[in-house]
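*Asks:* return a 3D structure for these sequence lines:
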Amino acid sequence: MNCQRVQDSFIDYQDGSLPADESAQLRAHLASCPTCQREWAALQEMTSKLDALPAAEPSPRLRENFYAMLETHQREADAPSPFALARGRIDRFFAALLPAQPALQFAFALALLIGGLLAGQHYLARPGTVAPAVDVAAQHKIAELEAKVNSMGQLVTYSLLQQQSTGDRLQAVLTSMDVKSPDRKALTDLVGALAFDPSINVRLSAVEALAQHTDDSLVRAGVLSALPRERAPLVQVAMIELLAGARDLAALPVFEKLSRDEATDINVRDAARRALAVLRLPADPAPAATLKSPAQPALS
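*Replies:* Residues are numbered from 1 along each chain as shown. This is a model prediction of the structure:
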């Protein structure tokens, strides 16, 4: 061992952590090297002086400052927040209003959606048309929707289905595309997926599946109700094109708002403007042809 390596190993040798073979080599080198002997002696002297120093003790002032700081923090933690009373009342209000279980919360949201569909069909009637005095088909549809709202078991079943994996939910939507004449429950499930599913892929596939059934007023009203709450531009554009292709004049106010909202994605605003132009034109056998937007990027 050379002098530099020996001196670098002094601390490990002193602590007893140096391997036995290296310790033997270090002792042999120390026995014949005056320079390393002086360095070793200096290290031993410094270690002895450090060991002889008295242990430092905190001053009384430091202890007083610590307890004063601790007491201040304790008072701040125990002091009631000026918003605590109001926040507690708000929390109790929503705790009493909303169900605690996630499945029931989802069912409650779906019930609100269906209620919005009923209100939309009632108040957003197409301008320029006069509803017949008695529409048996419409009354039958409303009765079916009311039965779904009143049937909590069906709503809970739907919300439990939402707990499946994204792949399973997407497969369910894709399967519905192959059904030429889906029943009312299938259409309602598609509208629910469009309104509530957290996956953009599932919602976009739901729009594609619903586009085959735009002659149904439930489908148009469901898409129109879900459009204002949608935040994904790709899904928003698809929904706008669906409603414009169906020439749903009830969508005019929504398109107007989207086209003027600076916070909305520019592609969505452009699609809303094109949809407004289509709906304001005279009826055409293929109005959807004028609405095609530039190719959208594929979803990952």
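*Asks:* every contact and neighbour count from this point should use C-alpha atoms.
*Replies:* OK.
*Asks:* give me the contacts around whatever helix or strand Ile11 lives in.
*Replies:* The secondary structure element spanning Ile11 is helix 10-15 (assigned by DSSP states H and E). Outside of helix 10-15, the residues that reach it under the criterion C-alpha atoms under 8 Å, 6 or more residues apart in numbering are Leu18, Ser23, Trp40.
*Asks:* between these, which is closest to Met46?
*Replies:* Closest approach between the contacts of helix 10-15 and Met46, by C-alpha to C-alpha: Trp40, at 10.1 Å.
*Asks:* and that closest one, how many residues sit next to it?
*Replies:* In terms of burial, Trp40 registers 17 neighbours under the definition other C-alpha atoms under 10 Å.
*Asks:* output the helix or strand hosting it as PDB, nothing but the C-alphas.
*Replies:* Applying DSSP H and E as the criterion places Trp40 in helix 34-52. Once side chains and other backbone atoms are set aside, the C-alpha atoms of helix 34-52 remain, and they are given as PDB (Å, rounded to 0.1, in the frame of the first residue of the first chain):
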ATOM      1  CA  PRO A  34       7.700   8.000   9.200                       C
ATOM      2  CA  THR A  35       5.400  10.200   7.200                       C
ATOM      3  CA  CYS A  36       2.400   8.000   7.800                       C
ATOM      4  CA  GLN A  37       3.300   7.600  11.400                       C
ATOM      5  CA  ARG A  38       3.200  11.400  11.900                       C
ATOM      6  CA  GLU A  39      -0.200  11.600  10.100                       C
ATOM      7  CA  TRP A  40      -1.500   8.800  12.300                       C
ATOM      8  CA  ALA A  41      -0.300  10.400  15.500                       C
ATOM      9  CA  ALA A  42      -1.900  13.700  14.500                       C
ATOM     10  CA  LEU A  43      -5.200  12.000  13.900                       C
ATOM     11  CA  GLN A  44      -5.100  10.200  17.200                       C
ATOM     12  CA  GLU A  45      -4.300  13.500  19.000                       C
ATOM     13  CA  MET A  46      -7.200  15.300  17.300                       C
ATOM     14  CA  THR A  47      -9.600  12.500  18.100                       C
ATOM     15  CA  SER A  48      -8.500  12.600  21.800                       C
ATOM     16  CA  LYS A  49      -9.200  16.300  22.000                       C
ATOM     17  CA  LEU A  50     -12.600  16.000  20.400                       C
ATOM     18  CA  ASP A  51     -13.500  13.200  22.800                       C
ATOM     19  CA  ALA A  52     -12.500  15.400  25.800                       C
END
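*Asks:* tell me what the helix or strand that comes right after it is packed against?
*Replies:* Using DSSP H and E, the next helix or strand after helix 34-52 towards the C-terminus is helix 60-78. Judged by 3 or more C-alpha pairs under 8 Å, 6 or more residues apart in numbering; DSSP states H and E, helix 60-78 is in contact with no other helix or strand.
*Asks:* returning to that earlier point: just curious, which of the contacts of helix 10-15 is nearest to Gln171?
*Replies:* Of all the contacts of helix 10-15, the one with the least separation from Gln171 (C-alpha to C-alpha) is Leu18, at 65.0 Å.
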